[in-house]
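Undergrad: Give me the fold of what follows.
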Amino acid sequence: LTQRPPDYILRLCVKRASSVGENRSELWRHVQRLRNSRLQLALTMELYKCWNLKAATDMLRLCCSRVPKAVEAQRILKLLQCYAVILRQHPDKFRTWQEIDARASEARSLEELLVA
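TA: Next up, the predicted model:
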């Protein structure tokens with residue numbers, strides 16, 4: 001009874017939830033169960049911005065281990081690891097990694113990000 005559902009069922013669950021505007025913050029649980037590593041990577045890259053830092057980092061790490069040439073996923077994973085350090089060191093300045101990401105796109109340097 002603990003058998004994993006087929007990938008097409010999990011993919012349908014994820015796509016349906018995404019299309020009808022449901023809360024996407026927990027969809028990583030379905031994506032994590034996928035057997036197809038390429039599909040898992042594609043859905044992770046599509047949805048990671050909706051997830052908390054731990055879920056996004058864990059899923060990207062899993063995808064990078066299963067698809068070694070996932071260059072963009074590796075880049076984002078490193079970025080999220082930096083955001084984790086910033087969150088730990090500046091808990092009064094940022095609450096989520098998404099806040100840092102939004103400010104980082106506007107900042108020209110790390111110093112500008114942290115001083116602003």
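Undergrad: count of neighbours near Leu80?
TA: Leu80 has 19 neighbours, counted by other Cβ atoms under 10 Å. Where C-beta positions appear, they are placed from N, C-alpha and C, glycine not excepted.
Undergrad: Spit out the contact partners of it.
TA: With contacts defined as Cβ atoms under 8 Å, 6 or more residues apart in numbering, Leu80 is in contact with Leu53, Ala56, Thr57, Leu60, Trp97.
Undergrad: Of those residues, grab the buried ones for ChimeraX.
TA: Under the burial definition 16 or more other Cβ atoms under 10 Å, those of the contacts of Leu80 that qualify are selected in ChimeraX by:
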select :53,56,57,60,97
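Undergrad: ok, of the contacts of Leu80, which one's closest to Gln40?
TA: For Gln40, the nearest member of the contacts of Leu80 is Leu60. The distance, counting by Cβ to Cβ, is 10.6 Å.
Undergrad: what's the helix or strand for that closest one?
TA: helix 53-66 (DSSP states H and E).
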